[in-house]
Each structure stands twice: as structure tokens, then as C-alpha cells.
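Colleague: Just a sequence and a predicted model for now, questions to come.
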Amino acid sequence: MSKNDEVIAKLDERVKVLLKKWAGLSGFHKYKDMDLDEIFQLVNTEGWQTEIDKSDPLIRAVQMSKETTHRRAKFVVDEQGRVIKEY
């Protein structure tokens, strides 16, 4: 696995953990054993709209919204290769 692949895997893991947290807050069930694609599909049901911006390979911006509820988070990779949540 290349260094770039490792960074992408770290970012995707952080996004998966975040989406599972948001799924629980949003009243979803049976999401704990899901992979990233499955959890992403789940949080795009029941009126929720979820987007993951992967346009920059070192950044993941995530948004989830339904009516007046909006959640946002952004993960970046620092110089040491650590994934940091900016907001």
C-alpha cells in the first residue's frame, strides 16, 4: 500500500466513524457493522441528504442535512500524515 493509499484509508476511516455517529444521532439503526459505502447509503434515506467532498485527495468535507438540521465536518491531513478534524 502506497503512502497516498494509507492517507486515503485514514481519511475514509474517520469519515466512516463520523457517519456512524451521525447515524445514531439521526435515529438510524443497524449501522455499526456497515462499511463506508453502506453507511453512506443509509444516511441518504428518510429525508436526509449527505455529501462527501473528495475533490482534494488530502481533505474530506462532509455535510448532512434534513429540513432545519445541518451537520458539517472537515478532515485534513497534516504534515506528519495525521488526520485532523478542522470543524
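Modeller: The structure has been received and is ready for your questions.
Colleague: Now do the strands in this protein.
Modeller: For the chain, applying DSSP state E gives strands covering 49-53, 59-66, 69-77, 83-85.
Colleague: Determine the longest helix present in this protein.
Modeller: In the chain, assigned by DSSP state H, the helix with the most residues is helix 3-25.
Colleague: Now it: buried residues?
Modeller: Buried residues in helix 3-25, defined by neighbour count with 16 or more other CB atoms under 10 Å: 7-8, 10-12, 14-16, 18-20, 22-23. Just so you know, the C-beta spots here come from the backbone N, C-alpha and C atoms, and that holds for glycine as well.
Colleague: can you tell me which of these lies nearest to Arg82?
Modeller: Distance to Arg82 across these (CB to CB) is lowest for Lys10, with 8.1 Å.
Colleague: can I assume the closest one is in contact with Val83?
Modeller: Yes. Applying CB atoms under 8 Å, one finds Lys10 in contact with Val83, separated by 4.8 Å.
Colleague: which residues do the two both contact?
Modeller: Jointly contacting Lys10 and Val83 under the rule CB atoms under 8 Å, 6 or more residues apart in numbering are Val77.
Colleague: Return the residues in contact with the residue most central in space within the chain.
Modeller: Centroid check for the chain by CA atoms, centre = their mean gives Val15 as the closest residue, at 2.6 Å. For Val15, the contact set (CB under 8 Å, 6+ apart) comprises Leu36, Ile52, Arg60, Val62, Phe75.
Colleague: Thanks again, I'm all set now.
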